[in-house]
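Q: I would like to see how this sequence folds:
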Amino acid sequence: MTHWLCITTEENWKVIKKENVWGVAERHKNTIARVKPGDKVLIYVKQERRKNEVVEPKIVAAYEVVSEVFRDARRIFKTPRGMGSESFPYRIKLRPLKVFAKPVDFRSLIPQLKFITNKKKWSGHLMGKAMREIPEEDFELIFKG
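A: Numbers count the residues shown, from 1 in each chain. Predicted structure coming up:
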């Protein structure tokens, strides 16, 4: 079993929660192709700027993967600015394990997370990725919140 951190926006988190599905852009198809039923994923909502407010990055839920990867180009996800008309067509179905009543603050976990080796420039471990594999210990640390 592999553990993953899935990186999304607040808007697309609402879609994930409603549809129990995760999707990635065409350019990330090789990454999602490694995902198998039984794998576990954490949903990471990235930092966003809303008017004069910065919304900090957070982990909002944990899911189990319950399907093989499939292609579906229906437009259920909102395409972030700068990504053209991307529909995130490579998808997996999910079963909720835990939706955190209070999202887990990501920054406070950085000192303890093994997959983040550069604690000062931690965002480099996530930039440009839709998802990334993480160690089981990191998954468990976050899951226990």
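
Q: pull out the buried residues from the longest helix along the chain.
A: What stands out as the longest helix in the chain, according to DSSP state H, is helix 10-19. Counting neighbours by 16 or more other Cβ atoms under 10 Å, one finds that the buried residues in helix 10-19 are 12-13, 15-16. C-betas here are computed from N, CA, C, even on glycine.

Q: that helix packs against which elements?
A: strand 40-45, strand 58-65 (3 or more Cβ pairs under 8 Å, 6 or more residues apart in numbering; DSSP states H and E).

Q: of these, which stretch is the most buried?
A: Comparing the helices and strands packed on helix 10-19 by mean neighbour count (mean count of other Cβ atoms under 10 Å), strand 40-45 ranks first with a mean of 24.

Q: what's the angle from that strand to helix 10-19?
A: Angle, strand 40-45 to helix 10-19, by axes from the mean of the first three to the mean of the last three Cα atoms, to 10 degrees: 140 degrees.

Q: strands paired with strand 40-45, and their directions?
A: With DSSP bridges as the test, strand 40-45 is paired with strand 3-8 (parallel), strand 58-65 (antiparallel).

Q: which one of those strands lies nearest to residue 126?
A: Across the strands paired with strand 40-45, residue 126 has its closest neighbour in strand 3-8 (5.7 Å, Cβ to Cβ).

Q: what angle separates the longest strand seen in the chain from helix 10-19?
A: Counting residues, the longest strand found in the chain (DSSP state E) is strand 90-105. Angle of strand 90-105 versus helix 10-19, following the same axes, to 10 degrees, is 110 degrees.
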